[in-house]
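In: quick one: sequence and predicted model below, then my questions.
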Amino acid sequence: MSVHSNLTIIDHPVIAAHITRLRDKTTPTAEFRGGVRALGRLMAYELLRDAKTRRVTVQTPLEMAYGIRLKTQPAFISIMRAGNGMIDGMLDLWPEAVAGNIGLYRNEETLQPVEYYRSLPPELPERRVILADPMLATGGTAVAAATMLRDAGATNLHFACLFAAPEGTQAFADAHPDIPVTACALDRELNNKGYILPGLGDAGDRQYGTI
Ligand code: URA
């Protein structure tokens with residue numbers, strides 16, 4: 001399966017070490033949740049690297065200095081519930097951001113994602129919008145959530161995940177070829193239940209201890 005060129009894997013030893021700890025089934029819940037949060041923080045740092053800025057002047061105790069501020073505050077959107085830990089970390093990095101939540105479940109007959117919750121910040125068209133879900137597995141949920149954000153006016157949209165499967169990467173690229181996807185790891189494949197291999201199991205259960 002070809003993996004679309006819109007996928008970027010962040011190559012960094014600190015990220016890889018966090019990912020390894022998340023994979024390890026003996027990692028306790030609190031440490032796991034902390035790892036997801038740390039990765040959210042590191043990913044936001046990367047994903048805001050080219051955020052639009054405006055020049056400002058500030059007065060230091062000694063003299064005037066030039067500096068920058070972000071032109072608009074970014075929006076971090078979680079696909080509930082597994083994305084929540086990631087956007088907690090993103091908000092650690094940039095607390096002035098705004099945040100939103102999207103809830104989707106899969107209809108077991110049609111296999112289509114169905115919306116059960118939506119809370120989105122205002123002015124999405126003006127913002128860098130980062131949609132977060134730890135696992136890009138089949139891609140169904142990510143595609144539906146990105147479509148919702150598009151319909152709500154987001155144009156500067158990025159999808160952030162911790163683990164990407166080739167199947168989900170392809171499905172997302174087919175549906176949203178212009179939305180960049182950033183991941184910390186590209187894994188091998190999905191199993192017959194839609195779990196990423198080798199992956200980390202269920203990202204929501206492992207963050208919240210709900211096995
Ligand atoms: N969701 C998860 O939590 N884990 C997977 O491996 C795939 C989807």
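Out: Great, that's in hand.
In: just the pLDDT for Lys1.
Out: Actually, residue 1 is Met. It isn't Lys. Listed pLDDT for Met1 reads 46.
In: count of residues packed around Arg41?
Out: 17 (other C-beta atoms under 10 Å). For every residue, glycine as well, the C-beta is placed using N, CA and C.
In: am I right that it is in a helix?
Out: Yes. Under DSSP: H, G, I helix; E, B strand; the rest coil, Arg41 falls within a helix.
In: excluding sequence neighbours, find me the nearest residue to it.
Out: Distances taken as C-beta to C-beta, 6 or more residues apart in numbering put Gly89 closest to Arg41, at 3.9 Å, once the chain neighbours are dropped.
In: mind listing what's buried along the helix or strand the one you found falls within?
Out: Per DSSP states H and E, Gly89 falls inside helix 83-93. In terms of neighbour count (16 or more other C-beta atoms under 10 Å), helix 83-93 has its buried residues at 83-91, 93.
In: how about low-confidence regions in the protein?
Out: Along the chain, segments meeting pLDDT under 70 span 1-4.
In: close to the ligand: what parts of it are there?
Out: 82, 135, 137, 194-196, 199, 202-204 (C-beta under 6 Å from any ligand atom).
In: narrow those to those in helices?
Out: 203-204 (DSSP state H).
In: which among the residues of the chain next to the ligand end up buried?
Out: The buried subset of the residues of the chain next to the ligand (16+ other C-beta under 10 Å) comprises 82, 135, 137, 195-196, 199, 203-204.
In: which residues touch stretch 30-45?
Out: Stretch 30-45 has contacts (C-beta atoms under 8 Å, 6 or more residues apart in numbering) with 10, 12, 14-15, 18-19, 21-22, 27, 74, 76, 85-90, 92-94, 130, 132, 134, 160, 162, 182, 184, 203, 206-208.
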